[in-house]
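Predicted model and sequence follow; I will ask about them next.
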Amino acid sequence: MKNIKIIFLTLITLTVVISCVKDDVENNSKGDYVVGFKNSQSSYIYTDNDVDPVQVFEPIDLVGGSNGTTSDTDISIPFSIDVTSTAILGTDYTINATGGSVTLEAGSSFVKLPFTINPSVLPGNVPKTIIINLGQPSTAGAVVADDKKTITVTIAKCASDLEGTYALEVTREDNGVVYNFPNEVITQLALGVYETSSTGPYDDLTNDGAPRNGFIFKDVCQSIAIDEQYLGDYYSNLVEGDEDAGSVTLDPATGEVVSITMNYSIRGFSSGVTRRYFTAVYTKL
């Protein structure tokens, strides 16, 4: 069942028959202060009309504090660009932080890692990646969360037109149960950014006060990205795309959307199941 609503999750533990609290940070790091990227992946999509440099930010959070408090001293967090990145530093993007580190100031719960993307030089329909790794903070007692050390930022110039109505078939992978939604609506929120109208078996989350029934996903040159997010933007269950979160199938003759396949999980259930995996196939009507 769905988890409890997101209300003062920090320091609150509730136990009820059909709900449970958000999972703790999944890492083995120990220290007075644990930091890490808010997201493990992110993407920024542009068109041929985007010619000016764009500044963006990726937050680094204080995900665990001593006795639930922020640090009373600055935490210096080093970072480096992974050699497997395909985007070219200084051409496709620049990092707007000096000395290869950012500072989480005393009393703060997050710091932004700023960088500038140059859309005008990006090739069409060829996504590039910026992979950033966090190093060991120099501040005593501070560590980086094991599962939040790295972020993969995808930058691309490509068209996207997925808004519309679909026949949706969702399969829960652990038991084979199939859920059908014959009139699933996908709504465009921004260029390459969309919202579905259901999540897994749930199309009724708003009945309990959630702002949406679906989840947010991105179309990166016909590859799907689903960033970690709360179920319905309301419950403490976390929705997240698989490493291969899916793809878009286009009609080779017309270029129109034929179908979309998405692979994602929902985690945090009172039954003790860590994750439930779903495969969703959207067929354009």
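All right, it came through fine.

did I read that right, E240 in a strand?
Yes: membership of E240 in a strand is supported by DSSP: H, G, I helix; E, B strand; the rest coil.

Okay, and the beta partners of it?
For E240, the beta-bridge partners under DSSP bridges are S265.

In a helix, N180, correct?
No: the assignment for N180 (three-state DSSP) gives strand, which keeps it out of a helix.

Could you find the residue nearest the spatial middle of this structure?
D227 (1.8 Å; CA atoms, centre = their mean).

Verify the contact between that residue and G241 for me.
Yes: in this structure D227 lies within contact range of G241 using CB atoms under 8 Å: 7.3 Å. In this view, the C-beta of every residue, glycine as well, is placed from N, C-alpha and C.

anything in contact with each of the two?
Taking CB atoms under 8 Å, 6 or more residues apart in numbering as the criterion, D227 and G241 both touch Q41.

what are the phi and psi values for the residue sitting furthest away from the middle of the chain?
What lies farthest from the middle of the chain is A253; by CA atoms, centre = their mean that is 32.8 Å. Main-chain torsions, A253, degrees, to the nearest 10: phi -90, psi -40.

start to end distance for stretch 117-127?
By CA to CA, to the nearest Å, the extent of stretch 117-127 from end to end equals 13 Å.

now the residue nearest to the centre of the chain: how far from A280?
16 Å (CB to CB, to the nearest Å).

and if you look at L189?
Applying CB to CB, the value for L189 to A280 is 18 Å.

Looking at the two, which one has more neighbours?
A280 (23 against 12; other CB atoms under 10 Å).

Work out the sheet partners of the helix or strand containing that one and label each with its direction, please.
Element membership for A280, per DSSP states H and E: strand 275-284. Each strand that pairs with strand 275-284, with its direction, by DSSP bridges: strand 164-172 (antiparallel), strand 257-267 (antiparallel).

so which of those strands gets nearest K128?
strand 257-267 (22.6 Å; CB to CB).

Buried ones in the closest one, by neighbour count?
The neighbour-count check on strand 257-267 (16 or more other CB atoms under 10 Å) flags 257, 260-267 as buried.

Checking the nearest residue to E163 once chain neighbours are set aside next. Helix, strand or coil?
Spatially, and ignoring its direct neighbours in sequence, E163 is nearest to Q188 (4.2 Å; CB to CB, 6 or more residues apart in numbering). Three-state assignment for Q188 (three-state DSSP): strand.

Return the distance of D50 relative to V121.
11 Å.

the more surrounded of those two?
For D50 versus V121, neighbours defined as other CB under 10 Å are more numerous around D50 (17 against 14).

Tell me which residues touch the more buried one, please.
119-120, 157.

Please, a PyMOL command that selects the buried ones among these?
Per 16+ other CB under 10 Å, the buried members of the contacts of D50 correspond to this PyMOL selection:
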select buried, resi 119+157
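
one step back: torsion angles phi and psi at the residue nearest to the centre of the chain?
Dihedral angles for D227 - degrees, to the nearest 10 - are phi -70, psi 150.

now do G100
As for G100, its main-chain torsions (degrees, to the nearest 10) stand at phi 70, psi 30.

Pull the contacting residues for it.
78-80.

What ranges in the stretch 1-150 of the chain fall below the confidence cut-off?
For the stretch 1-150 of the chain, the stretches with pLDDT under 70 are 1-31, 66-68.
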